[in-house]
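J.: return atomic coordinates for the entry below.
(one chain, ligands or ions: 1)
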Amino acid sequence: MSDCFDVNYAGREQSQIKHIILEKYLERFAVITGKWCSGIIYVDGFSGPWNVQSESLDDASFSIAVRQLRRARDTVRTTFKKDLQVKCLFLEKDPHAFERLKTFAAAQKDVDVVALNQEFERAIPELVNRIKAAGTGYFPFIFIDPTGWKGFAMNTIAPLLRLQPSEVLVNFMTGFIVRFAEDARAGIDASFQETFGDAEFRECIRGLVGPSREDALVFEYARRISQTGNFRFTPVTVVPHPTKDRTHFHLVYGTRHIRGLQVFKEAERSALNMTGRIRGEAKRREREARSGQPEFFGGADFPDADYVGALSTRYQTQAREAVHHLIRTKKELSFDDVCGTALAYPTVQLDSARAWVNEIADVANLGPLERVAKMDAGHRVKLRESSNRGELNLGS
Ligand SMILES: C[S@@+](CC[C@H](N)C(=O)[O-])C[C@H]1O[C@@H](n2cnc3c(N)ncnc32)[C@H](O)[C@@H]1O
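T.: Predicted coordinates:
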């Protein structure tokens, strides 16, 4: 999806950004895991098709997933001389959407695609059984992309999150969630408790308004995903509304491995690099629809980067403070821990984490596995080098 101005996403550019992240992440994830595991099981709990524009369903997440997993399988074959198995489990509760999903699934001859006309929560025991039946050599990736905040209750999906190994990507529908999270009406109140796992989540937003409240909600949700699934890293990425300067949704990703964190952040960076142009184009379309006048310049000429730039500044400030706090309060920590803290924030990238460490620490190289960072104020922290040496070292 190298084209920023894909007509299939006109009016739903937020889905394009989501799909760029999914596309970039999945292929690399499958190649990297394909080096050592025998197969990938990709589960999409809320498959659609939903608002797709193309006849071929190229702009549906399940179609993107199959394409990227197929590509990864080819790369694994040529690079590692291995046959990576690919299995997909696609769920869709709406019968009409399901018919299209089923037709798509039946047409995939070289990938094992199972389409189920079921509600995600009800299917959890079956999904867990199917994943376990595939065998321990399979790595599950779970995608949860609902239309609101219901249908993926934390305690219900816990058995899926706890599978080891596994990774998860959740679309946290922030736009709706911030509006209704404190709605006291019985049905709404109960459904939020289910999504977060209990009623305590409201403590984190007490007294907060605006962006702070929004951040607190999504970070609390990410913390609960981390806790429930024992995911060491749960970074959050932000997907803005295409034409308004506000959040549309966040994506919360869970992994137990530093390499997953790194690859996910690279996928986020690819999407962010395109977001200004996508938003510029979306705003141009909106102006044209209002005025009836075609405009000469588009998003490529005038990317709309100010809002994402402001978000980035805000998260850089928060992440830097968090990293400084972490380093000052620990006697020993790994660079992976620093990355886990810094990269948990939307838009923050690895080079920033490295810079913040170097900013307050005089990093002395004591050998290949251990470095001692002499802190200002005389505090010393032992920084163990990343488990992923060469990729994430403090050297530069
Ligand atoms: C946001 S759309 C999915 C979009 C798709 N992942 C994509 O990016 O192309 C959510 C889909 O989930 C379906 N759905 C809603 N509630 C569901 C549930 N409880 N279980 C399974 N599917 C559900 C809807 O009918 C809709 O097709």
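
J.: please make it C-alpha for all contacts and neighbour counts, starting now.
T.: Will do.

J.: closest point of the stretch 101-250 of the chain to the ligand, which residue?
T.: Relative to the ligand, the nearest point of the stretch 101-250 of the chain is residue 119 (3.4 Å; Cα to the nearest ligand atom).

J.: which helix runs longest in this structure?
T.: helix 258-291 (DSSP state H).

J.: what's the following helix or strand after it?
T.: As assigned by DSSP states H and E, the chain's next helix or strand after helix 258-291 is helix 306-329.

J.: next structured bit after that following helix?
T.: Later in the chain than helix 306-329, the nearest helix or strand by DSSP H and E is strand 332-334.

J.: and the helix or strand just after that next one, what's its mean pLDDT?
T.: Next in sequence after strand 332-334, counting helices and strands by DSSP H and E, comes helix 335-342. Across helix 335-342, pLDDT averages out at 88.

J.: between helix 335-342 and helix 258-291, how many degrees?
T.: 20 degrees (axes from the mean of the first three to the mean of the last three Cα atoms, to 10 degrees).

J.: dump helix 335-342 to PDB, keeping only the CA atoms.
T.: The C-alpha coordinates for helix 335-342 follow below in PDB (Å, rounded to 0.1, in the frame of the first residue of the first chain):
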ATOM      1  CA  PHE A 335      18.200  -1.500  27.700                       C
ATOM      2  CA  ASP A 336      15.100  -3.600  26.800                       C
ATOM      3  CA  ASP A 337      13.400  -2.200  29.900                       C
ATOM      4  CA  VAL A 338      14.300   1.300  28.700                       C
ATOM      5  CA  CYS A 339      12.800   0.600  25.300                       C
ATOM      6  CA  GLY A 340       9.700  -0.900  26.900                       C
ATOM      7  CA  THR A 341       9.100   2.300  28.800                       C
ATOM      8  CA  ALA A 342      10.000   4.700  26.000                       C
END
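
J.: CA-only coordinates of the helix or strand following it in CSV, if you can.
T.: For helix 335-342, the following helix or strand on the C-terminal side (DSSP H and E) is helix 350-360. Output in CSV follows, covering the C-alpha atoms of helix 350-360 (Å, rounded to 0.1, in the frame of the first residue of the first chain):
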residue,chain,number,x,y,z
LEU,A,350,14.2,3.8,19.3
ASP,A,351,16.7,6.6,18.6
SER,A,352,14.9,8.8,21.1
ALA,A,353,15.2,6.1,23.8
ARG,A,354,18.9,5.8,23.1
ALA,A,355,19.4,9.6,23.1
TRP,A,356,17.6,9.9,26.5
VAL,A,357,19.9,7.3,28.1
ASN,A,358,23.0,9.0,26.8
GLU,A,359,21.6,12.4,27.9
ILE,A,360,21.9,11.6,31.5
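
J.: show me where the stretch 1-150 of the chain has helices.
T.: 13-34, 61-80, 95-107, 120-134 (DSSP state H, counting those that start in this stretch).

J.: using TSV, lay out those helices together with distance to residue 195, mean pLDDT and mean neighbour count.
T.: Output for the helices of the stretch 1-150 of the chain, formatted as TSV (distance: least, Cα to Cα, whole Å; pLDDT from 0 to 100; neighbours: other Cα atoms under 10 Å):
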stretch	distance to residue 195	mean pLDDT	mean neighbour count
helix 13-34	21	96	22
helix 61-80	23	98	20
helix 95-107	24	97	16
helix 120-134	11	98	16
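
J.: show me the domain layout of this structure.
T.: The chain breaks down by automatic domain parsing into domains covering 7-280, 322-396.

J.: in this structure, where is pLDDT below threshold?
T.: 1-4, 297-300, 360-396 (pLDDT under 70).

J.: what does it put close to the ligand?
T.: 45-50, 60-61, 91-94, 118-120, 145-147, 151 (Cα under 6 Å from any ligand atom).

J.: narrow these to those in strands?
T.: Among the residues of the chain next to the ligand, the residues falling in strands (DSSP state E) are residue 91.

J.: any idea how far apart the tips of stretch 223-242 sit?
T.: By Cα to Cα, to the nearest Å, the extent of stretch 223-242 from end to end equals 27 Å.

J.: can you give me how far that stretch is from the chain middle?
T.: 7 Å (Cα atoms, centre = their mean, to the nearest Å).

J.: repeat for stretch 63-72
T.: With Cα atoms, centre = their mean, you get 17 Å for stretch 63-72.

J.: just the CA trace of that stretch, in PDB.
T.: Below are the C-alpha coordinates for stretch 63-72, written out as PDB (Å, rounded to 0.1, in the frame of the first residue of the first chain):
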ATOM      1  CA  SER A  63      -7.300 -10.000   2.600                       C
ATOM      2  CA  ILE A  64      -4.300  -7.900   3.500                       C
ATOM      3  CA  ALA A  65      -3.300 -10.500   6.200                       C
ATOM      4  CA  VAL A  66      -3.500 -13.400   3.800                       C
ATOM      5  CA  ARG A  67      -1.400 -11.500   1.200                       C
ATOM      6  CA  GLN A  68       1.300 -10.500   3.700                       C
ATOM      7  CA  LEU A  69       1.500 -14.000   5.300                       C
ATOM      8  CA  ARG A  70       1.800 -15.500   1.800                       C
ATOM      9  CA  ARG A  71       4.600 -13.100   1.000                       C
ATOM     10  CA  ALA A  72       6.300 -14.000   4.300                       C
END
